[in-house]
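>>> Dropping the sequence and predicted coords here.
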Amino acid sequence: MSKIVVTGVDNSPTAAAAAHKAAGLAAALGARLHILSAYGSFEAERINVGQEEILVTNERTAEGVAHDVFLQIRKEFPDLELTFAPAEGTPGEALVKAATDLDADVIVVGNKRVQGVARILGSIARYVAAHAPCDVYVAHTHQRS
């Protein structure tokens, strides 16, 4: 059975840094890297553009975010087996579900600094560490002052 590393991304530099660390880890392990982007609950809107109606969904937006990171990692790690997908749910829930569904070996999350109420409620890394069905690697992703 092949090894699988799972990571989640959004449009932040810290998520990109965690994904880059995940790619390096997957390459070192000879594993496949699965990149996901969470989108909460499914939402859709129809927008009229001229004579055409376009369906815009947060699922497609999340898929685009994951695809962009996929392309960036592909350039630096051309031989790495990569997959990407949007994932419904909060980032922590989506990472844990994907790791469970894929029988992942490790989840890579960033240590983005959490401030305000979120610090009291917990971070994505804390949620994942508490609920993950596999190992969790917390990547150092913020700049030191």
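Thanks, I have it. Remember, predicted model here, so these are calculated numbers, not experimental data. Residues are numbered from 1 along each chain as shown.

>>> Looks like residue 70 contacts residue 85 (just checking).
No. In this structure residue 70 lies outside contact range of residue 85 using Cβ atoms under 8 Å: 9.7 Å. (C-beta placed from N, C-alpha, C; glycine too.)

>>> So these two - more neighbours on which side?
residue 70 (20 against 16; other Cβ atoms under 10 Å).

>>> that older thread, quick one: common contacting residues for residue 70 and residue 85?
Jointly contacting residue 70 and residue 85 under the rule Cβ atoms under 8 Å, 6 or more residues apart in numbering are residue 35.

>>> The longest helix seen in the chain: which residues count as buried?
For the chain, the longest helix by residue count, based on DSSP state H, is helix 58-76. Of the residues in helix 58-76, 58, 59, 62, 63, 65, 66, 67, 68, 69, 70, 72, 73 count as buried by neighbour count, 16 or more other Cβ atoms under 10 Å.

>>> ok, the fifth one - contacts?
In other words, residue 65. Counted by Cβ under 8 Å, 6+ apart, residue 65 has contacts 9, 10, 11, 37.

>>> Tell me the spacing between residue 139 and residue 41.
According to Cβ to Cβ, to the nearest Å, residue 139 and residue 41 sit 28 Å apart.

>>> Where does residue 54 fall, secondary structure wise?
Secondary structure from DSSP states H and E places residue 54 in strand 52-57.

>>> how far is that strand from where the chain is centred?
25 Å (Cα atoms, centre = their mean, to the nearest Å).

>>> same thing with stretch 125-136?
On Cα atoms, centre = their mean, the centre of stretch 125-136 falls 14 Å from that of its chain.
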